[in-house]
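Undergrad: Need the 3D shape of this:
(3 chains)
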Amino acid sequence: MRKGSGCDENGLKKGAWTEDEDMKLTAYIKRYGHWNWSLLPKFAGVSRSGKSCRLRWMNYLRPNMKHGNFTEEEDNVIISLHNKLGNKWSTIASKLPGRSDNEIKNRWNTHLKKRVKHDQTMSGSENTRTVEPDQPSPEVNPVVETDVEFQQEDGMLFPGQSESPSSSSSTDLLSCWFSGIDSAGSSDLTPQTFDDEMVGDFWTDSFIPDIKDSSIVLGDNLWSPFNQDHDYMYQSSCLDMLMTDEYLWPTFDTYVKDNEEIN
DNA sequence: AATAGGTTCAACCGCGAGTGA
DNA sequence: ATCACTCGCGGTTGAACCTAT
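TA: Sure, this is the predicted structure:
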């Protein structure tokens, strides 16, 4: 087992996650989303901190996550973006569907940093300027900049295409959202993508009161927050609860299904 | 086969930003 | 204005794994 297995002073488990814990966390989030990380572990039945649950979900359990085997294209994207942004791992990760910031950070530290350093050394005789691999370059790095061009599409950059100044209209985004498939064929649309686009009650009004008096029968160790009279539930909007990531639709479907069963 | 040293990567930690009371 | 709390980010750690000797 990796990294200090055991429990902390609060009795919360630390170290590597077990299959059972993964299953519990995944099952819970699939059904109810991650409405509050600090309370979620209790409801999901795992003895972990909310922080640990969030990390596990974001880095490993989220759907469509890729693991290992970075492609040459992905490497080039990371190098190019790191050259522009520096250690903004989450920003870089947002441009690489299926990759977590942690994974990209590890990739950079274990492989790409050396590669860039090596490339710079190789080109050093022609170009005397030195760039610290960990720092963003104030100008374009001649070694890597020509490797990749990007096109911004729904907040994501894809290699091998030129940047387009125009973005998708809100109508397009909405139709993609409602069809459950975005125009890039990716399911990685984030709430942030819609921050300036979304208006209307559906996205901001709480839907919880509709089911607050209902008791949802759950199997296994899943506890629903919906049958607890906690104030935080009534403060949570649909947006908070469900528009968390690519799990929006399965979660919303589950909600609708649960509600139908209740009624 | 044993083992020392290097590498990888999942997970932990601390901090700052944002938010609401 | 202040406090409490959550969330997310980036740096760091350390056990497992790999490779060279």
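Undergrad: hey, let's count contacts and neighbours off CA atoms from now on
TA: Fine.
Undergrad: In chain A, where is pLDDT below threshold?
TA: A:1-5, A:124-263 (pLDDT under 70).
Undergrad: Close to DNA strand B: what parts of it are there?
TA: Contact residues (Cα under 7 Å from any atom of the strand) of chain A with DNA strand B: A:2-4, A:13-17, A:52, A:55-56, A:60, A:67-68, A:102-103, A:106-107, A:110-111.
Undergrad: Looking at those, which are in strands?
TA: A:13, A:14 (DSSP state E).
Undergrad: What's the separation between residue A:81 and residue A:52?
TA: Taking Cα to Cα, to the nearest Å as the criterion, residue A:81 is separated from residue A:52 by 28 Å.
Undergrad: quick revisit: any quick ChimeraX command for the buried ones out of the residues of chain A next to DNA strand B?
TA: Buried members of those, defined by 16 or more other Cα atoms under 10 Å, are picked up in ChimeraX with:
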select /A:13,14,17,52,56,60,102,103,107
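Undergrad: Can you tell me which of the residues of chain A next to DNA strand B end up in helices?
TA: The members of the residues of chain A next to DNA strand B that map onto helices under DSSP state H are A:52, A:55, A:56, A:102, A:103, A:106, A:107.
Undergrad: Identify the spatial nearest neighbour of the fifth one, chain neighbours not counted.
TA: Of all residues beyond its chain neighbours, the one nearest residue A:103 is residue A:59 (7.4 Å), with distances taken as Cα to Cα, 6 or more residues apart in numbering.
Undergrad: Kindly report the same for residue A:13.
TA: Using Cα to Cα, 6+ apart and skipping the chain neighbours, the partner closest in space to residue A:13 is residue A:7 (4.3 Å).
Undergrad: roughly how far apart are the one you found and residue A:23?
TA: With distances defined as Cα to Cα, the gap from residue A:7 to residue A:23 amounts to 20 Å.
Undergrad: what about residue A:38, how many neighbours?
TA: Counted with other Cα atoms under 10 Å, residues neighbouring residue A:38 total 15.
Undergrad: Could you double-check that it sits in contact with residue A:50?
TA: Yes: distance between residue A:38 and residue A:50: 4.2 Å, which falls inside the contact criterion (Cα atoms under 8 Å).
Undergrad: Which one of the residues in the stretch 51-200 of chain A is closest to DNA strand C?
TA: Ranking the residues of the stretch 51-200 of chain A by distance to DNA strand C (Cα to the nearest atom of the strand) places residue A:88 first, at 3.0 Å.
Undergrad: Report the contact partners of that residue.
TA: In this structure, residue A:88 makes contact with residue A:82, judged by Cα atoms under 8 Å, 6 or more residues apart in numbering.
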